[in-house]
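K.L.:
Pasting the sequence and the predicted model now:
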Number of protein chains: 2
Amino acid sequence: MRWEELDRQPCSLARSLSIVGDRWTLLVLRECFLRVRRFEEFEQRLGIARHVLADRLKKLTDAGVLEKVPYRERPRREEYRLTEKGLDLYPVMLSLLDWGDKWMAEPEGPPVLRRHKACGHVAHAVHTCSECGEVLGARDMTVEIGPGAKGGELPPAATAKGNPSK
Amino acid sequence: MRWEELDRQPCSLARSLSIVGDRWTLLVLRECFLRVRRFEEFEQRLGIARHVLADRLKKLTDAGVLEKVPYRERPRREEYRLTEKGLDLYPVMLSLLDWGDKWMAEPEGPPVLRRHKACGHVAHAVHTCSECGEVLGARDMTVEIGPGAKGGELPPAATAKGNPSK
DNA sequence: TCACGTCAGTTCCGTTTTAGAACCAATGGA
DNA sequence: TCCATTGGTTCTAAAACGGAACTGACGTGA
């Protein structure tokens, strides 16, 4: 499979990865969530090659994840800001952060703690069902064909074994 | 920054990405969650080059995300299964899936629906605070230095503006 | 006015990574 | 013996990446 075909696959994971599934994009977005907005600042903080950065920012802008907002005229300068679509990637960042905290940290603990403003506790994210509120684990959901399936069918492995809970 | 340095950065996101942050790994893991376990099956379903697949499976096994389990002796054959560490990536998959459903789907809707076994509803994941249970949005948490920080400090952008809520 | 600095890129070149295809090795079966 | 199955490895060419230099529009200070 070629990389350019990914955004046309009938799979939301593949389509998401067509935007954030490369080496640098999520690190660029991490900086965005930390309120970094300017080209130079991305470059200095990430140590990314400039043309790769230019390419990622353009792709993210084209995809509607970032938008260019002018912050000075003469000379015209623009900064990159998260759109609503971009802000919506927060759960993805949070999931990766929590997984890294749990499985990739030093013995002493994670390098950065996140504190929930509302309740004041150091916290991580728990995934719950949007309908009943229960915690969602790895085998708590089944898959079925959706309206955008385009005459496709579910991958055999998803159905062959009845997708049993583990 | 070189790619091999990523797993030593004092950032859980960077460390997570050192494992799942490339073009193919999350697609391989998608298949794992769909109970695909054999080399040939991964190859056929993904259309991935065989040596790239071999490389990714080895890296995931070395990282403890997958394990090789023998399923036949003479000739010895092994299949790849998710470990606990691997199963713990489910929230990451779910976040990407939900984001793709919301922002990348066709007008008709997403290609695949997920139904919560326990309550029977088609559902998506909601991120909630592990301590107080409230829903977590993009600007609901502050960051602070953690025990594994190694004398580092928070990135300036995270503190410079007091990390205000938006 | 003229050198210098800032910001946001673009261009060039050499190294890595990837895609696609062919090849290899252990074993079992006809 | 020849073929099929499974799980890879090796080869070549194309694409992506890292690092450094260059460009261009403008401001500043001497």
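P.N.:
Thanks, I have the structure now. Model, not experiment: these values are computed from the prediction.
K.L.:
okay, CA-based contacts and neighbour counts for the rest of this
P.N.:
Fine.
K.L.:
Just the pLDDT for the residue of chain A positioned farthest from its centre.
P.N.:
Distance from the centre of chain A peaks at A:Arg74, with 34.6 Å (Cα atoms, centre = their mean). We have a pLDDT of 76 for A:Arg74.
K.L.:
Measure how far the helix or strand harbouring A:Leu113 is from the centre of its chain, please.
P.N.:
Per DSSP states H and E: A:Leu113 is located in strand A:112-116. Put simply, strand A:112-116 sits 19 Å off its chain's centre (Cα atoms, centre = their mean, to the nearest Å).
K.L.:
Flag the shaky bits of chain A, pLDDT-wise.
P.N.:
Scanning chain A for pLDDT under 70 picks out A:151-166.
K.L.:
Provide the secondary structure category for the residue of it found nearest DNA strand D.
P.N.:
Going by Cα to the nearest atom of the strand, DNA strand D is nearest to A:Pro75 of chain A, at 3.7 Å. The assignment at A:Pro75 comes out as coil when based on DSSP: H, G, I helix; E, B strand; the rest coil.
K.L.:
For chain A, which segments count as helices?
P.N.:
A:12-20, A:25-33, A:39-46, A:50-62, A:84-87, A:90-103, A:156-160 (DSSP state H).
K.L.:
What is the second one packed up against?
P.N.:
In terms of contact count using 3 or more Cα pairs under 8 Å, 6 or more residues apart in numbering or on different chains; DSSP states H and E, helix A:25-33 is assigned the packing partners helix A:39-46, strand A:77-82.
K.L.:
residues of that helix that come out buried?
P.N.:
Neighbour counts over helix A:25-33 (16 or more other Cα atoms under 10 Å in any protein chain shown) mark A:25-29, A:31-33 as buried.
K.L.:
if we can go back for a sec, may I see the helices of chain A arranged in TSV, with distance to A:Arg139 as well?
P.N.:
As requested, the helices of chain A are exported to TSV (distance: least, Cα to Cα, whole Å):
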stretch	distance to A:Arg139
helix A:12-20	17
helix A:25-33	27
helix A:39-46	36
helix A:50-62	32
helix A:84-87	28
helix A:90-103	17
helix A:156-160	12
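K.L.:
okay if I get those helices as a markdown table plus distance to DNA strand D?
P.N.:
Formatted as a markdown table, the helices of chain A follow (distance: least, Cα to the nearest atom of the strand, whole Å):
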| stretch | distance to DNA strand D |
| --- | --- |
| helix A:12-20 | 11 |
| helix A:25-33 | 9 |
| helix A:39-46 | 10 |
| helix A:50-62 | 6 |
| helix A:84-87 | 20 |
| helix A:90-103 | 19 |
| helix A:156-160 | 15 |
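K.L.:
So which of those is nearest B:Cys129?
P.N.:
With respect to B:Cys129, and counting by Cα to Cα, the nearest of those is helix A:90-103 at 11.1 Å.
K.L.:
Is the closest one positioned near chain B?
P.N.:
Yes: applying Cα under 8 Å from any Cα of the partner chain, one finds helix A:90-103 touching chain B at A:90-93, A:95-101, A:103.
K.L.:
For PyMOL, write the selection for the buried entries among those.
P.N.:
Selecting only the buried entries of those in PyMOL, with 16+ other Cα under 10 Å as the criterion:
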select buried, chain A and resi 90+91+92+93+95+96+97+98+99+100+101+103
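K.L.:
so which of the residues of helix A:90-103 next to chain B comes closest to B:Gln9?
P.N.:
A:Gly100 (11.3 Å).
K.L.:
Might one say that the closest one is in contact with B:Val20?
P.N.:
No: look at A:Gly100 against B:Val20 with Cα atoms under 8 Å: they stay out of range, at 10.7 Å.
K.L.:
which residues do the two both contact?
P.N.:
Common neighbours of A:Gly100 and B:Val20, counting by Cα atoms under 8 Å, 6 or more residues apart in numbering or on different chains, are absent.
K.L.:
now the residues of helix A:90-103 next to chain B as JSON lines including distance to A:Leu53?
P.N.:
Formatted as JSON lines, the residues of helix A:90-103 next to chain B follow (distance: Cα to Cα, whole Å):
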{"residue": "A:Tyr90", "distance to A:Leu53": "21"}
{"residue": "A:Pro91", "distance to A:Leu53": "23"}
{"residue": "A:Val92", "distance to A:Leu53": "21"}
{"residue": "A:Met93", "distance to A:Leu53": "19"}
{"residue": "A:Ser95", "distance to A:Leu53": "24"}
{"residue": "A:Leu96", "distance to A:Leu53": "22"}
{"residue": "A:Leu97", "distance to A:Leu53": "22"}
{"residue": "A:Asp98", "distance to A:Leu53": "26"}
{"residue": "A:Trp99", "distance to A:Leu53": "26"}
{"residue": "A:Gly100", "distance to A:Leu53": "24"}
{"residue": "A:Asp101", "distance to A:Leu53": "27"}
{"residue": "A:Trp103", "distance to A:Leu53": "29"}
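K.L.:
Many thanks, have a good one.
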